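Undergrad: below: sequence and its predicted model.
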Amino acid sequence: MPVRIPDRLPATQVLASENIFVMSESRAMHQDIRSLKILILNLMPNKIETETQLLRLLGNTPLQVEVDFLRIHNRESRHTPIEHMESFYSNFSQIKNNKYDGMLFTGAPLGKLDFESVQYWACIKEVMDWSQQNVTSVMFFCWAAHAALFHLYGVKRKILEEKRVGVFIHKTLKQHEPLMRGFDEEFYVPHSRSAEVDINNIYDNSNLCLLASSDTAGAYLVSSKSKRNIFVFGHPEYQKNTLKDEYLRDTAKGEQIPFPQGYFPDDNIECEPKVNWSGHGNLLMSNWLNYYVYQMTPYKL
């Protein structure tokens with residue numbers, strides 16, 4: 001089944017060319033079934049790239065998904081045309097009276113900045129609190145996962161001495177959890193972050209469950225016992241060249257960025273990266289939509 005998106009969203013043509021099943025709003029209006037309503041809070045600078053990455057995962061499911069995009073402030077984006085933001089994004093005041101089946105919080109390039117120092121931290125907290133009453137299940141990625149664990153559960157993160165970047169092998173710890181159904185015992189996921197959450201702090205919190213981790217990259221996948229909140233510390237939505245593009249961008253700015261581990265064949269930047277994580281990413285999103293959203297959400301939102 002398709003992911004339902006606005007008629008003129010730039011991702012539409014890209015996804016259609018890749019045989020990702022998408023459906024325009026105008027076509028979906030003629031179908032007599034209820035779509036899952038998913039809200040995406042996009043905190044990344046390049047909105048269009050992130051939209052496309054997430055919609056790839058949402059579109060690989062037998063469920064019809066209707067997506068709304070949310071922005072956290074009205075300031076002009078340096079990386080996304082203002083026409084795009086005005087056409088496809090809502091302010092919180094415009095959607096706060098809605099109910100949603102699911103919600104995705106993207107990461108944000110805020111590095112080592114303290115949460116309280118983030119200019120829109122109060123707005124982020126307001127949306128997180130709102131999601132706990134108005135969304136059936138919420139998935140937080142990378143920076144947003146750290147921020148939500150801190151705000152909702154009091155779990156602090158630790159700033160790393162060196163950025164953790166690369167593709168790492170992970171172990172499935174809870175094979176029989178619905179979110180983990182069909183997972184291999186070991187699987188790969190890209191990471192690109194400057195902080196981590198201590199695994200012991202997760203085990204010590206009775207409201208949380210560690211589902212997957214890496215001996216090298218640490219905690220990766222955590223859920224709340226209620227299954228309302230899912231925390232993903234890596235980037236299963238990344239495409240083949242995302243880590244390469246990030247590395248070249250940062251080094252061009254003179255930043256001291258570690259060479260991505262386990263990403264380039266023979267650690268040679270001239271070699272084309274091999275994607276070994278997309279199957280996991282698609283299964284993770286499919287399981288979340290099915291078991292934690294579709295199976296739990298009320299028919300009448």
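TA: Noted; the coordinates are in hand. Numbers count the residues shown, from 1 in each chain.

Undergrad: what about the closest residue to Ile257 other than its chain neighbours, which SS state?
TA: Nearest in space to Ile257, with sequence neighbours left out and distances taken as CB to CB, 6 or more residues apart in numbering, is Asp250 at 4.4 Å. All C-beta atoms are positioned from the backbone trio N, CA, C, and that covers glycine. Recorded secondary structure, Asp250: helix (DSSP: H, G, I helix; E, B strand; the rest coil).

Undergrad: what about Asp250, neighbour count?
TA: The local packing of Asp250 (other CB atoms under 10 Å) involves 15 other residues.

Undergrad: so how far is Tyr291 from it?
TA: For Asp250, the distance to Tyr291 (CB to CB, to the nearest Å) stands at 37 Å.

Undergrad: ok, now Arg71?
TA: 29 Å.

Undergrad: and the two? Which one has more around it.
TA: Arg71 (20 against 17).

Undergrad: might one say that the more buried one is in contact with Met85?
TA: Yes: the pair Arg71 / Met85 is scored as a contact, 6.5 Å apart, by CB atoms under 8 Å.

Undergrad: what's the burial count for Gly102?
TA: Neighbour tally, Gly102, other CB under 10 Å: 26.

Undergrad: okay, and the common contacts of Arg71 and Met85?
TA: When contacts are counted by CB atoms under 8 Å, 6 or more residues apart in numbering, Arg71 and Met85 have no shared neighbour.

Undergrad: just give the number of residues close to Ala195.
TA: With other CB under 10 Å as criterion, Ala195 counts 18.

Undergrad: now swap in His73 and tell me
TA: Applying other CB under 10 Å, I find that His73 has 11 neighbouring residues.

Undergrad: could you pull out the helices for the stretch 201-301 of the chain?
TA: Taking DSSP state H, counting those that start in this stretch to define them, one finds helices in the stretch 201-301 of the chain at 242-252, 278-287.

Undergrad: buried sites along the shortest one?
TA: Burial within helix 278-287, assessed by neighbour count using 16 or more other CB atoms under 10 Å, is assigned to Ser278, His280, Gly281, Asn282, Leu283, Leu284, Met285, Ser286, Asn287.

Undergrad: please apply the same query to the first one.
TA: Buried residues in helix 242-252, counted by 16+ other CB under 10 Å: Thr242, Leu243, Lys244, Glu246, Tyr247.

Undergrad: same thing with stretch 61-73?
TA: Thr61, Leu63, Gln64, Val65, Glu66, Val67, Asp68, Phe69, Leu70, Arg71, Ile72.

Undergrad: what's the answer for stretch 270-279, then?
TA: Pro273, Trp277, Ser278.

Undergrad: which residues touch it?
TA: 167, 187-190, 236, 238-241, 243-244, 263-265.

Undergrad: which of the residues you listed lies closest to Leu15?
TA: Nearest to Leu15 out of these is Gln239 (CB to CB; 12.2 Å).

Undergrad: how about the closest one, what does it touch?
TA: Gln53, Val275.

Undergrad: would you put the C-alpha positions of stretch 46-66 in CSV?
TA: Extracted C-alpha coordinates of stretch 46-66, given in CSV (Å, rounded to 0.1, in the frame of the first residue of the first chain):
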residue,chain,number,x,y,z
ASN,A,46,18.0,19.9,4.2
LYS,A,47,14.3,19.2,4.6
ILE,A,48,13.7,17.7,1.2
GLU,A,49,16.5,15.1,1.5
THR,A,50,15.3,14.0,4.9
GLU,A,51,11.7,13.8,3.7
THR,A,52,12.7,11.5,0.9
GLN,A,53,14.7,9.2,3.2
LEU,A,54,11.8,8.8,5.6
LEU,A,55,9.2,8.4,2.9
ARG,A,56,11.2,5.6,1.4
LEU,A,57,10.8,3.6,4.6
LEU,A,58,7.2,4.6,5.2
GLY,A,59,6.3,3.6,1.6
ASN,A,60,7.6,0.1,1.9
THR,A,61,4.6,-1.2,3.9
PRO,A,62,1.2,-2.8,3.0
LEU,A,63,-0.5,0.1,4.9
GLN,A,64,-1.7,3.4,3.4
VAL,A,65,0.0,6.3,5.2
GLU,A,66,-0.9,9.9,5.2
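
Undergrad: report how many residues lie close to Thr172.
TA: Residues near Thr172, counting by other CB under 10 Å: 18.

Undergrad: now do the one 5 residues further on
TA: Counted with other CB under 10 Å, the burial measure for Glu177 works out to 18 neighbours.

Undergrad: OK, contacts around the closest residue to it other than its chain neighbours?
TA: Leaving aside its chain neighbours, Glu177 sits nearest to Leu211 (5.9 Å; criterion: CB to CB, 6+ apart). Contact partners of Leu211, counting by CB under 8 Å, 6+ apart, are Thr172, Leu173, Lys174, Glu177, Leu179, Met180, Leu221, Val222, Ser223.
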